Each structure stands twice: as C-alpha cells, then as structure tokens.
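Participant: Sequence and predicted structure, then a few things I'm wondering about:
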Amino acid sequence: MPRKYDFLTKTKITSGLQCHKKLWFDVHQPLKKEKAIFYGGNRFGSQVIKNYSKKEINILDLTGEFRQPVEKTTKAINSENIDIIFEAAFEFSNTLVRTDVLIREPDGWILLEAKSSTKLKPEHLPDISIQSYVVRKSLNKLGKKLKKIKLVHVNTKFTLKKIGDYQGLINDENDLTERLNENEIPNNIKELLPITSKDSICPKISTGIHCNKPYSCDYFDRCDTSSNEKNITPFTILPYIGKSQDLIDYMTEKKTNDLQKVPTRFFKDRKDYAPGYHQIIQSAHKKKKPWFNSNLKNVLKNFKFPLYFMDFETVGQVVPIIKGTTPYYPLPFQWSVHKWISKDKPVDKGKFFLKFNDQDIERQFIETLIQAVGDKGTIFAHNAKGTEIKILEKLKTKDNCKSLTSQIDNIIKRIEDSAIIAKHNFYSPIMNGDWGIKSIVKAIPNCKINYEDEGNISGGTDAQLAWFKNTDINETKEEKENQKKLLLEYCSKDTLAIFHLIKYLFEYEQ
Ligand code: SF4
C-alpha cells in the first residue's frame, strides 16, 4: 500500500496549491468518494494503453502495481530491453508520481500524460509540470534524459462507427515540452510537505473563491462555516453575486457575513429570474416568510391538464460504446414521467425508461417517452432548456429517430421549465438562494421527498456513476441491480418533486 505520511503525490501537490487545508484533509481525513469522472478517465486510460501496445515492442505495464513500482521502473529503464512503460513510478524529494505512458527513444524518454478532457486546460500545465519535474530529476539520477512531454486527450471529433474500433479517439499531438514551468516545484514541495506529517495541525482557512478554483473542493460541506453564525444568513447564498470578488471585498472590509448588510447597488437582474430577485431573497430572509408573485394566478392559467412531470438522465461516455455517438455527447439513458389528470385527483404512480448499452437506446428512449406523455397537456421539466429540450432537439437529428420528428416537436412545444416558473413566482428562505428542485422541495410544507438518505443517488453525477457501473464488465451483478434500483428511485423522485412544486403553487392560489 502507498504510504500515508511525509510524502506527496501529484494529486496532493495540486490540492495543496489550491488550498493547504484541502491537502491536509486529503492526508488526514480523506473522503472516499466514487466519481463518474474516474470511470471515464480509466476507460480512456485503457484505450491509451491499447493504442500504444499495438506495435512489436517490449512493454512493462505497471497498472495497478503497488509493490515496489519505483524499483521495477528503475530496473526497466536501466535494462535497455523495455521500450514502453505504462504507469511507471518515480520518486524524488519525497514526491511520488505515476506516469501514463513513457516511451524510450535513442536520445531520451518521451512522457505522455493522458487526460480524459477534450483539450489542454490551463490547470493541466501546473499539474503536468509536477510530473515532468519528478520524472526528469529521477531520470537524470539514472544518467538518462527526459526529452519530450506530450498531452494525450480525447478527440471530440471521434464518432463510434464500429463497436470496439477506437481508431481516432486519441489526440496526442499536444507537445508541452516548452510550455511547462518546473521552476517553482521544489519550493512547492518544501512548502507542502510539512502538511503531510502525521502531527500537522489542520490549517485555519475559511471558505472562499478558491474553493472552486481550479477544482470544486469535495470538502466544502465539512468546511463551510459561513452559516454557523447565529441568526445570520450569509450573503454568499445570493445567486451569481454571492461569490463575486467585489462583493466579497466589500463584506470583508465591513467585517460582516450578513445577507441583510448587502447594499442594493450590488444587486443585478438576470434573465429567467423575477425582476429584483436579489432583493426578493434579502427581504424573504428578513421577514422569514416565503415570497409569491402577485401575478401567479395568471401564470397558472396557461397550464393545460393533464399535466406531466418529466425528467431525463444522461451520460457523457468519454469512450463511446453506443454506435453513432461521440465522447461527450449526453447519451439519454433514463426518463421518468408522472401524470396528473386534474386537481381533484392524485398524481399517478409514474412510468419510467432505463437502459444502459442497447445499441438502439435512443430510439427506444424516445418511442417510449412519446407514449408516456401522450399528445396533449403541459409537460414540466426542471431546467428543461439545459437538458430535456437539448436532448429532444438532438434526437431529431439522429438517423434512427428522425422519423419521429413531428412527435418530438409536439413534446418540445408543450414543455414548461419548472425552474423558470419557480424563479419568477416563488422563493422561500428555506431554499437558501437556490432554485434547484432539491432545495425547493424542502420549502414545500408536508412534502415527504428526501434526497439526503445515506447511499442514495443524490444528483446527476451520481446517476452517471450508476450508468458507468452498469456498463462495467468488472462490476458485480448485485451492485448493478442495486444501482438500477437507486436510479429508478432517484429519477422518479425528481418528477414527483416537480409535481409537488406545481401543486403547491396551485394550492397557494386557491
Ligand atoms: S472547502 Fe475551501 S477552504 Fe475548505 S478545504 Fe476546500 S478549498 Fe480549502
């Protein structure tokens, strides 16, 4: 097992450069969180290995090898018999790195760093500089040279035409040799290494803008103290302006966190929100009462029964497994629909679709959906513009769905975005500045929907993880069944939550 204290890795240095406290948590109280992004990255990593394994060459694959990987790497480099090393391990200055691909050339080694992104991102440069520094120093100690560093990333133009044929998925043309800056790495190591010692104390750092730059920090819930002050709602809940530097600077200068102390000159209107929505939020928290738009009655008049509540789940496959799809195309794999025929009747039990890797998944998805929502009545979806409408528009362009264009158009025409309806007509202090459906349900009296139980799927990224698990040949049957069950509960919870929102608005108006 890798050791825990008094050493760094590339990931730990990256954490520490973002925030010392984040590094401290990584070492002393790490969160064990599975993420879809890791599955996508691993699948891409496997394709990178396959891509470079093709030729008649001698390979050392250290993937998953934790027993003396540094010694094995050193031996391979010195032996002259190995041409390519996958997951080579190097240690220098108490810093361990694992490299994706290392290629021997007569005049030195080429280092390839694989990222499952679609292009070089600014945050890749410091990250890969750590890698190149440790590899360069280690190779130099062995009398060898690191001559080139390249980024390997996903080619967005790739479309899967034949199952299993990933020719063209990998772009390895990005030469970073002249773009990396290793100068600061020794100082970074010196500064960060003490935080990894067993006795180091958790640094006192408050949450702020750095918690999302360049990566969103997984420890935020554990770390956020801004709402701990009694009777004070923090100004950071204000959408869009709560994390802006000018407001943070102003509030820091005034030595306050209090939402009620934000001057109106900072407030800004925004499309899709009620005019003066920052003021609405401030005032609702002051009065401790929800706000309803006085025009709500007229808004509700536009909705035609039967009402439908609809939600889609999609996944960016990274390495596509469905023919005709691209790496980050949002593949729709699940829908849930609830139907409410009239105000005096209960909502129905709901319908769903859930498939993972059927080659005609998109056709099945849309055919069953057309049946479920019929041809009349308003269809509500939360943030419909971001997902549901986009997916439906995309399906019209797919060869196997084109014949259903007029029915798809009929669905699009009937969609109302429940998030926009809520943003224009309702706010409760319980929502803490957020119109996400999970925050809205907390504000609806007697609504029993709860997303917070341990082990639940609690968002779209967990749903993507469930798709990856269900398409993973190494995953157990039990875990796949468990994930299916959780997906069904989750998606149907979302559509019921939208129902409760709309029902609540109707009840308010009666
Ligand atoms: S939430 Fe912010 S302050 Fe806390 S560890 Fe993460 S980056 Fe640091």
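Facilitator: That came in fine, so what should we check first? Numbering: from 1, shown residues only.

Participant: Once you drop chain neighbours, what's closest to Gly45?
Facilitator: Ala114 (5.6 Å; C-beta to C-beta, 6 or more residues apart in numbering). No exception for glycine: its C-beta is placed from N, CA and C like everyone else's.

Participant: for Tyr490, same thing?
Facilitator: Using C-beta to C-beta, 6+ apart and skipping the chain neighbours, the partner closest in space to Tyr490 is Ile457 (3.9 Å).

Participant: How many residues are close by that neighbour?
Facilitator: Per other C-beta atoms under 10 Å, the neighbour tally for Ile457 reads 22.

Participant: cool, and Trp335?
Facilitator: 24.

Participant: thinking again about what came up before, what does the residue nearest to Gly45 show for phi and psi?
Facilitator: Here is the backbone geometry of Ala114 (degrees, to the nearest 10): phi -100, psi 130.

Participant: hey, what's it bridged with?
Facilitator: Val152 (DSSP bridges).

Participant: Leu151 versus that one, what's the distance?
Facilitator: 8 Å (C-beta to C-beta, to the nearest Å).

Participant: follow-up on the earlier one: show me the residues around the residue nearest to Gly45 that make contact.
Facilitator: By C-beta atoms under 8 Å, 6 or more residues apart in numbering, the residues touching Ala114 are Phe44, Gly45, Val48, Asp100, Val101, Val152, His153.

Participant: any idea how far Asn181 is from Ile130?
Facilitator: Look at Asn181 and Ile130: by C-beta to C-beta, they are 11 Å apart.

Participant: now could you export just the CA positions of the one helix or strand in the chain whose mean pLDDT sits lowest as CSV?
Facilitator: When the helices and strands of the chain are scored by mean pLDDT, DSSP states H and E, helix 220-223 comes last with a mean of 86. C-alpha atoms of helix 220-223 as CSV (Å, rounded to 0.1, in the frame of the first residue of the first chain):
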residue,chain,number,x,y,z
PHE,A,220,-16.9,22.2,1.2
ASP,A,221,-19.8,20.8,3.3
ARG,A,222,-17.3,19.9,6.0
CYS,A,223,-15.5,23.2,5.8
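
Participant: Now do it: everything it contacts.
Facilitator: Lys21, Phe25, Thr207, Cys211, Cys217.

Participant: Select from those residues every entry located in strands.
Facilitator: The strands, defined by DSSP state E, take in nothing from the contacts of helix 220-223.

Participant: Name the member of those with the most neighbours.
Facilitator: Going by other C-beta under 10 Å, Lys21 tops the contacts of helix 220-223 with 23 neighbours.

Participant: Can you tell me which helices and strands the strand or helix carrying Ser15 packs against?
Facilitator: Using DSSP states H and E, Ser15 sits within helix 10-18. Contact here means 3 or more C-beta pairs under 8 Å, 6 or more residues apart in numbering; DSSP states H and E; on that basis helix 10-18 packs against helix 20-28, strand 95-105, helix 124-141, helix 185-192.

Participant: Dump the ones you listed into a markdown table; add mean pLDDT as well.
Facilitator: Converted to a markdown table, the helices and strands packed on helix 10-18 look like this (pLDDT from 0 to 100):
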| stretch | mean pLDDT |
| --- | --- |
| helix 20-28 | 96 |
| strand 95-105 | 96 |
| helix 124-141 | 97 |
| helix 185-192 | 97 |
